[in-house]
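# Quick one: sequence plus predicted model below, questions after.
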2 protein chains.
Amino acid sequence: MGDDWLTIGELANRSGVATSALRFYETKGLIESERTDGNQRRYPRATLRRVALIRAGQEVGLSLAELAEALERLPHDKTPTKEDWRRLSSAWRERLDRQIDELIGLRDELTDCIGCGCLSLKSCAIFNPGDIAAGLGTGPRYLLGDSREDAIKT
Amino acid sequence: MGDDWLTIGELANRSGVATSALRFYETKGLIESERTDGNQRRYPRATLRRVALIRAGQEVGLSLAELAEALERLPHDKTPTKEDWRRLSSAWRERLDRQIDELIGLRDELTDCIGCGCLSLKSCAIFNPGDIAAGLGTGPRYLLGDSREDAIKT
DNA sequence: GTAGCAGTTGAAGTTAACTTGAAGTCAAGG
DNA sequence: CCTTGACTTCAAGTTAACTTCAACTGCTAC
């Protein structure tokens, strides 16, 4: 305790991430550990910040795979430099900007629709939303052909 | 063809949703069909719009379960009224508004961080983002206690 | 030295939203 | 009649991000 190295339990308590998740992150190469003689993991203090970054990145919408890539260039065992940090955070900001723009576009289209009862109009924006949610959701995204028009006739 | 009833293949082509997905939606009660003598599905035309609504709802971030609830009160076999539509679309708009606000909040906090190199400051917003992404992502959300502060010391 | 909590591994389970496959049926054209 | 393509069902596979379980081993306190 108060040491330079954290057990997995300490790291879990302090980061708010379950031990099972931490082991999982380790299998994915997101974090690294040394082992004691008894084969237990010991994490350097800097891992705390690394885990915080991972959670923050997830909130920005990044997958663990993307995070693994982004964090690859950060040092595992020491505090990242300001430059490291600046690079990461501005990349994430751009991503957020894009997400926000897309949602605002969708909202504005939807707003136009609300008053007009345009459910039956082929110009209704909500039925032709572009590829706004390309990166969201689980399922596949379909490329819609002219069939869309068909969908709103009648 | 040109009939009031669509086969699953026609509905798939015209809605841009795979037949497997349509059958899946049906098992979830999102859409309904009649059967021919030969046990094949036949969908009323109105199902086209219903499917379009489902896809639109997904883009707003609704799960199929939520959509099932929302669509429960819409007629399966005829065009929804303006009132039906107004109710749905304004509920979705509110949801979008909330999502956008949350992302903007996160972005602003991140923006504040970029210049300051605050990676080591316990006040850094990105390490204390609140429950912004409560509804996003797959994993569980942890309630973070004072351990967060711990995470950014050093 | 022994109880009992923390840690270890690998495999299997979870949820959403589908897709894919197998094995068989229906419908339309020649 | 026969082929072909669309359709049927049900079961199992897919991906992400984990969690849960079983069967052990390590560490700390009394």
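Alright, I've got the coordinates. Numbers count the residues shown, from 1 in each chain, chains lettered A, B, ... in the order given.

# Can you classify A:Tyr43 by secondary structure?
When states are read from DSSP: H, G, I helix; E, B strand; the rest coil, the local structure at A:Tyr43 comes out as strand.

# Could you check how far it is from DNA strand D?
If you measure A:Tyr43 against DNA strand D using Cβ to the nearest atom of the strand, to the nearest Å, the figure is 15 Å. From N, CA and C alone the C-beta is placed, and that goes for glycine too.

# Next, count neighbours for the nearest residue to that residue once chain neighbours are set aside.
Ranked by Cβ to Cβ, 6 or more residues apart in numbering or on different chains and with sequence neighbours excluded, the top spatial neighbour of A:Tyr43 is A:Leu6, at 4.7 Å. Burial of A:Leu6, expressed as a neighbour count using other Cβ atoms under 10 Å in any protein chain shown, amounts to 21.

# ok, A:Leu6 touching A:Arg42?
Yes: taking contact to mean Cβ atoms under 8 Å, the distance of 6.9 Å between A:Leu6 and A:Arg42 places them in contact.

# So what's the model's average confidence on stretch A:33-40?
pLDDT averaged over stretch A:33-40 equals 94, rounded to a whole number.

# ok, now stretch A:80-90?
Across stretch A:80-90, pLDDT averages out at 80.

# Just the C-alpha atoms of it, please, in CSV.
In CSV, the C-alpha atoms belonging to stretch A:80-90 read as follows (Å, rounded to 0.1, in the frame of the first residue of the first chain):
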residue,chain,number,x,y,z
PRO,A,80,2.2,10.6,-21.0
THR,A,81,3.6,13.9,-22.1
LYS,A,82,1.5,16.9,-22.9
GLU,A,83,2.0,16.2,-26.5
ASP,A,84,0.8,12.6,-26.2
TRP,A,85,-2.3,13.9,-24.5
ARG,A,86,-2.9,16.8,-26.8
ARG,A,87,-2.8,14.4,-29.8
LEU,A,88,-5.3,12.0,-28.2
SER,A,89,-7.7,14.6,-26.9
SER,A,90,-7.9,16.6,-30.1
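
# coming back round to it: what sits against the residue nearest to A:Tyr43?
Contact criterion Cβ atoms under 8 Å, 6 or more residues apart in numbering or on different chains gives A:14, A:42-45, A:47-48 as the residues in contact with A:Leu6.

# With neighbour count as new columns, can those be given to me in CSV?
Conversion of the contacts of A:Leu6 to CSV gives the following (neighbours: other Cβ atoms under 10 Å in any protein chain shown):
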residue, neighbour count
A:Arg14, 24
A:Arg42, 17
A:Tyr43, 25
A:Pro44, 19
A:Arg45, 17
A:Thr47, 26
A:Leu48, 21
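
# In the residues you listed, find the pair that's most separated.
The most widely separated members of the contacts of A:Leu6, counting by Cβ to Cβ, are A:Arg14 and A:Arg42 (14.0 Å).

# Kindly report the residues of chain A close to DNA strand D.
If contacts are counted using Cβ under 7 Å from any atom of the strand, the residues of chain A sitting beside DNA strand D are A:18, A:20-21, A:23-25, A:36-40, A:58, A:63-65, A:138.

# of those, closest to B:His76?
When the residues of chain A next to DNA strand D are compared for distance to B:His76 (Cβ to Cβ), A:Thr138 comes out closest, at 25.5 Å.

# per-residue pLDDT, that closest one?
A:Thr138 is assigned a pLDDT of 32 by the prediction.

# swap in A:Arg73?
The model reports A:Arg73 with a pLDDT of 79.
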